[in-house]
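1. got a predicted structure plus its sequence, pasted below:
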Amino acid sequence: PGKGATDSTNPPMPRPRMKTPFGEIPKPAIDVAFLKSSLGILKVFQIVWSLLGFILSDIRRWRDWGGLREQWDAYEAMSAILFFSSLLIWAVFLASWHDEGSLSCINWLGLDVFHSGLGCVMSFVNLIFAFSISTQTWQGEVIPIFCIILAGLCCLKFTLTSRMSYRKWHALRPTPVISYQDYKYTPLGQTEEEL
């Protein structure tokens, strides 16, 4: 058969579908290519480091009171938001729900660009919180130092992911091309009919 023709004896099997509150979506077929891509690997690091930051801040915040407790709460909340949002976007790309089904109407690449940029800002704020906490604790404490390292690594990874997602989004986005010959010089006050 030629290109685009289907074999009538063996038609392609449709993917099984699941019912969700958002409509029917195809059952996830794991996209191994995304998992092995640099964007997929960066997402895994974001998820793991955000989860570690969340766990460390939750362990440590119970020993502090006052201003330090509020800073630990903020660090923990931002780490949790980064963890769950990264996990959601990673799962959508891994299950290929961004390509078909009722979730395909969302611009997932654009959302990933926005999420990664926001994640970079939130990680930078977490880095500031971790520096502030580490200057107010004793020298021998290890958890604030690990939180500084994790926040710095998350900031770096979100920056890289934002850059990669933007490049992919920009490459796939249709951009209108206007040739130079279509531009005409029109003096002010002159209409197209007078030309």
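-> Received the coordinates, thanks.
2. and the longest helix along the chain, what's its mean pLDDT?
-> Counting residues, the longest helix in the chain under DSSP state H turns out to be helix 143-172. For helix 143-172, the per-residue pLDDT values average out at 84.
3. mind giving me the packing neighbours of that helix?
-> With contacts defined as 3 or more CB pairs under 8 Å, 6 or more residues apart in numbering; DSSP states H and E, helix 143-172 has these neighbours: helix 38-61, helix 67-94, helix 108-135. Where you see a C-beta, it was placed from the backbone N, CA and C, and this is true even at glycine.
4. for this structure, give me the ranges with low pLDDT.
-> Within the chain, the stretches with pLDDT under 70 are 1-29, 61-67, 98-102, 138-140, 173-195.
5. one more time with 50
-> Scanning the chain for pLDDT under 50 picks out the ranges 1-5, 180, 182-183.
6. so what touches stretch 76-96?
-> The list of residues contacting stretch 76-96 from outside it, by CB atoms under 8 Å, 6 or more residues apart in numbering, reads 26, 28-31, 34-35, 39-40, 43-44, 46-47, 50-51, 53-54, 57-58, 61, 98, 103, 108, 111-112, 115, 119, 122-123, 125-126, 154, 158.
7. only the buried residues of that stretch, if you could.
-> If you call a residue buried by 16 or more other CB atoms under 10 Å, then stretch 76-96 has these buried ones: 76, 78-80, 82-83, 85-86, 89-90, 92-96.
8. quick check, nearest of the residues you listed to residue 147?
-> When the buried residues of stretch 76-96 are compared for distance to residue 147, the smallest value, 8.8 Å, is given by residue 79; criterion: CB to CB.
9. who are the neighbours in contact with the closest residue in space to residue 74 that isn't next to it in sequence?
-> In space, and not counting its chain neighbours, residue 74 is closest to residue 129: 5.9 Å by CB to CB, 6 or more residues apart in numbering. By CB under 8 Å, 6+ apart, the residues touching residue 129 are 71, 74-75, 151.
10. can we see that at 10 Å?
-> For residue 129, the residues meeting the contact criterion (CB atoms under 10 Å, 6 or more residues apart in numbering) are 57, 70-76, 78, 144, 147-148, 151.
11. put the buried members of these into a PyMOL selection.
-> Of those, the buried ones go into a single PyMOL selection, burial set by 16+ other CB under 10 Å:
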select buried, resi 57+71+72+75+76+78+144+147+148+151
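12. can you add distance to residue 168 and give the contacts of residue 129 back as TSV?
-> Listed next are the contacts of residue 129 as TSV, based on distance: CB to CB, whole Å:
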residue	distance to residue 168
57	32
70	38
71	36
72	36
73	35
74	32
75	31
76	31
78	26
144	36
147	31
148	31
151	26
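13. before we move on, back to that, buried subset of the contacts of stretch 76-96?
-> Buried residues within the contacts of stretch 76-96, counting neighbours by 16+ other CB under 10 Å: 26, 31, 34, 39-40, 43, 46-47, 50-51, 53-54, 57, 61, 98, 103, 108, 111-112, 115, 119, 122-123, 126, 154, 158.
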